[in-house]
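**Q** Sequence first, then the predicted structure, then my questions.
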Amino acid sequence: MTRRCLFFLCWISTVYFLPAQSAEQTLVFAREQVVAGNKSLALKTYQRVLFFSGDRYRDECQSQLAALHADLGNFEKSAFYCDLLYQSADSDSLRYEALFSKTGILMLQNQYKRALIEILSLPKSLPEPWRTRKQLYLGAAHFGIREFELARADLLPLFAAEDIEGRAEFERLMRQAERVSRKSPKTARVLSMILPGAGQFYAGDLKNGLNSLLLNALLGYWFVATGISYTFLDAAATVSPWLFRYYGGGIRRAGEILEKKKEERLRKVFRKVLGTMNDE
């Protein structure tokens, strides 16, 4: 009977202490994998620690899982762990960090309106450096939805009053962004209807503009040559399907190309805006 009691006590102590020790060792291993750049293995290891250790290493695991999923391109999972961390974090600092991380993930996916909702859920009064970071993220979100006046109001106070050169460069870049944004896909399509390739030229895509112009010119020449050599009914039957296909496709693509070019240029402008802030 005594032996059974001793065996039972030993078994209980082993079950109680072993998981904690195992979780610690696994956590150390997960950290080592992050440092070594083995992100997939680190992610699986942190998931194991989170599952078996309960709340003991919860904040670190959720924070690392959010970062690792983002690094691996799984933004939905990353945002999910940011939400978990925000709800369960023991400090305001961790909660704010989780929310800003999720906001950054949303902006990487061009979901600027959702990002704006997340930022506006923060308290109006924040200590530094969170207050400055909130202004920066608000400016980025407003810039992303092309509300440039609101972006200007968010970002301009981040420049020191005596930084006249930085403020002037910032204003110049914001005017440039407004000019880029004013270009209309409808105008690009109308120009391509009048002259194939003109919409692409308007968008700033010279290569596709020349391709469209030359291809449609060749098809037009083929149509006329076929009509003269045979009949224009033959030309309509053989050449028209190709002509309308590439002519109509060029009109549609002109608007798509303009939107893509606008997005690329606005990203470049905003990177320059951030560059002016980093130069302070």
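**A** Thanks, I have it. Note that the structure is predicted; figures quoted are calculated from it, not measured. Numbering: from 1, shown residues only.
**Q** any chance you could map the helices in the stretch 1-150 of the chain?
**A** Assigned by DSSP state H, counting those that start in this stretch, the helices in the stretch 1-150 of the chain fall at 2-36, 39-53, 58-71, 75-88, 92-108, 112-120, 130-144, 148-155.
**Q** ok, residues contacting the fifth one?
**A** Translated: helix 92-108. 59, 62-63, 66-67, 70, 75, 78-79, 82-83, 85-86, 89, 112, 114-115, 118-119, 121-122, 126, 130, 133, 137, 140-141, 144 (CB atoms under 8 Å, 6 or more residues apart in numbering). C-beta coordinates here come from the backbone N, C-alpha and C atoms, glycine included.
**Q** Show me which positions of that helix end up buried.
**A** Judged by neighbour count using 16 or more other CB atoms under 10 Å, the buried positions of helix 92-108 are 94-107.
**Q** and the angle from it to helix 58-71?
**A** 10 degrees (axes from the mean of the first three to the mean of the last three CA atoms, to 10 degrees).
**Q** distance of the closest residue to A177 other than its chain neighbours from E171?
**A** Nearest non-adjacent residue to A177, counting by CB to CB, 6 or more residues apart in numbering: V269, 4.7 Å away. As judged by CB to CB, to the nearest Å, V269 and E171 stand 12 Å apart.
**Q** the more surrounded of those two?
**A** Between V269 and E171, counted using other CB atoms under 10 Å, V269 has the larger neighbour count: 19 against 12.
**Q** quick one: contacts for the more buried one?
**A** Applying CB under 8 Å, 6+ apart, the residues near V269 are L173, Q176, A177, V180.
**Q** Name the helix or strand for it, please.
**A** Counting by DSSP states H and E, the element that carries V269 is helix 240-278.
**Q** What residues of that helix count as buried?
**A** 243, 246-247, 250-251, 253-255, 257-258, 261-262, 265-266, 269-270, 273, 276.
**Q** How about stretch 32-45?
**A** Within stretch 32-45, the residues scored as buried using 16+ other CB under 10 Å are Q33, V34, L41, A42, L43, T45.
**Q** cool, and stretch 212-223?
**A** If you call a residue buried by 16+ other CB under 10 Å, then stretch 212-223 has these buried ones: S212, L213, L215, N216, L219, F223.
**Q** Just the C-alpha atoms of it, please, in PDB.
**A** The C-alpha coordinates for stretch 212-223 follow below in PDB (Å, rounded to 0.1, in the frame of the first residue of the first chain):
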ATOM      1  CA  SER A 212      -1.500  49.000 -79.100                       C
ATOM      2  CA  LEU A 213      -1.000  51.700 -81.700                       C
ATOM      3  CA  LEU A 214       1.200  49.500 -84.000                       C
ATOM      4  CA  LEU A 215      -1.000  46.400 -83.700                       C
ATOM      5  CA  ASN A 216      -4.200  48.300 -84.500                       C
ATOM      6  CA  ALA A 217      -2.500  50.100 -87.400                       C
ATOM      7  CA  LEU A 218      -1.400  46.700 -88.800                       C
ATOM      8  CA  LEU A 219      -4.900  45.300 -88.400                       C
ATOM      9  CA  GLY A 220      -6.400  48.400 -90.100                       C
ATOM     10  CA  TYR A 221      -3.900  48.100 -93.000                       C
ATOM     11  CA  TRP A 222      -4.800  44.400 -93.300                       C
ATOM     12  CA  PHE A 223      -8.500  45.300 -93.400                       C
END
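**Q** Quick one: low-confidence residue ranges for the chain.
**A** Applying pLDDT under 70 to the chain flags the ranges 1-21, 278-280.
**Q** Pick out the residue nearest the middle of it.
**A** Note on the chain: the residue nearest the mean C-alpha position is L108, at 1.2 Å, using CA atoms, centre = their mean.
**Q** For the nearest residue to S22 once chain neighbours are set aside, give its distance to F201.
**A** Among residues not flanking S22 along the chain, F52 sits closest, at 7.3 Å (CB to CB, 6+ apart). Distance of F52 to F201, computed by CB to CB: 62 Å.
**Q** When the two are compared, which one has more neighbours?
**A** F201 (19 against 14).
**Q** does the more buried one belong to a helix or a strand, and which?
**A** In the assignment (DSSP H and E), F201 maps to helix 198-203.
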